[in-house]
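I'd like to go over a predicted model; first the sequence, then the structure.
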Amino acid sequence: MLKSFIKLTDSLLRFGKMRDSITIGLLGGLIGTIFMDISNLLIFKAGKTEALYGHIAGGLFVAPFRTKRRKNFILGQMTHLGIGSIWGTLLTYLLKKTGKDHHLIKGLFISMLTLGSLIGGQKFGMLKKFGLTKTFYSAVWNHLVYGLVSAQAIVMIADPIIFASSKDAKESCQQIRRKASYPCSVRSSNELVQSKDDHFKSHQL
């Protein structure tokens, strides 16, 4: 899974760093959701969880017993990917607001929020409740994978300038102004020296 993540991010980096916050968030959240689903699928095949997230999200549209149908599962899976992408946008704005330092910890924070929204949906009857304790353990792990991968992906594909603090941005502007004014200052100095030389020569004559 780690090798797949590295290959994917390397491919994305070839296109250059991004500056649009929504695009970064949607793409980062989508990457996190994909790896979350890979983890979920592996655990499901090992018999350590009772459902895939396509089944769970499909419960938003049809009765739980119908989510195993192919068309309903696809609908649920698309919804799951969309929701994961939206959470990635929220994570991007969190990183913009607070900075990208300790971004993995902030990714874990989003993990807990997404897990809380899942449990809340079950409590309010919007989603089918898990019947086995091991499914809850699986859900915790999968959401941690989502938060960590999303945070890392966002930081890797985003231009660092969008995460700059106000102090850093101010210093960058000052540096740009210095560089812009430097040629003018050199020119003014040269003109002053030339003027003094001309004045000295005129007195000699």
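Cool, the structure landed.

and residue 158, what are its phi and psi?
In terms of degrees, to the nearest 10, the main-chain angles of residue 158 are phi -90, psi 150.

just checking, it touches residue 24?
Yes - using C-beta atoms under 8 Å, residue 158 is in contact with residue 24, at 4.8 Å. The way it works is simple: take the backbone N, C-alpha and C, and place the C-beta from them, glycine included.

shared neighbours, the two?
Common neighbours of residue 158 and residue 24, counting by C-beta atoms under 8 Å, 6 or more residues apart in numbering, are 18, 92.

mind listing the helices for the protein?
2-13, 21-45, 53-58, 70-98, 103-123, 133-157, 166-204 (DSSP state H).

poorly predicted segments of the chain, please.
1-16, 164-205 (pLDDT under 70).

centre-most residue in it?
Taking C-alpha atoms, centre = their mean, the centroid of the chain lies closest to residue 154, which sits 2.9 Å from it.

excluding sequence neighbours, find me the nearest residue to it.
residue 28 (3.6 Å; C-beta to C-beta, 6 or more residues apart in numbering).

what does stretch 88-102 contact?
21-22, 24-33, 103, 106-107, 109-110, 147, 150-151, 154-155, 158, 160, 162-163, 165.

cool, and stretch 140-153?
By C-beta under 8 Å, 6+ apart, stretch 140-153 touches 5, 9, 12, 27-29, 31-33, 35-36, 39-40, 43, 53, 84, 87-88, 91, 95, 103-104, 106-112, 114-115, 118.

in ChimeraX, select just the buried ones from these.
Buried residues among the contacts of stretch 140-153 (16 or more other C-beta atoms under 10 Å), as a ChimeraX selection:
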select :5,9,12,27,28,29,31,32,33,35,36,39,40,43,53,84,87,88,91,95,103,106,107,108,110,111,114,115,118
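
and residue 19, how many residues sit next to it?
Using other C-beta atoms under 10 Å, residue 19 has 11 neighbouring residues.

distance of it relative to residue 60?
Distance of residue 19 to residue 60, computed by C-beta to C-beta, to the nearest Å: 33 Å.

cool, residue 48 as well?
24 Å.

ditto for residue 26
In terms of C-beta to C-beta, residue 26 sits 20 Å off from residue 60.

of the two, which one has the most company?
With neighbours defined as other C-beta under 10 Å, residue 26 and residue 60 compare such that residue 26 has more, 19 against 15.

shouldn't that one be in contact with residue 87?
No - under the criterion of C-beta under 8 Å, residue 26 is not in contact with residue 87, lying 10.0 Å apart.
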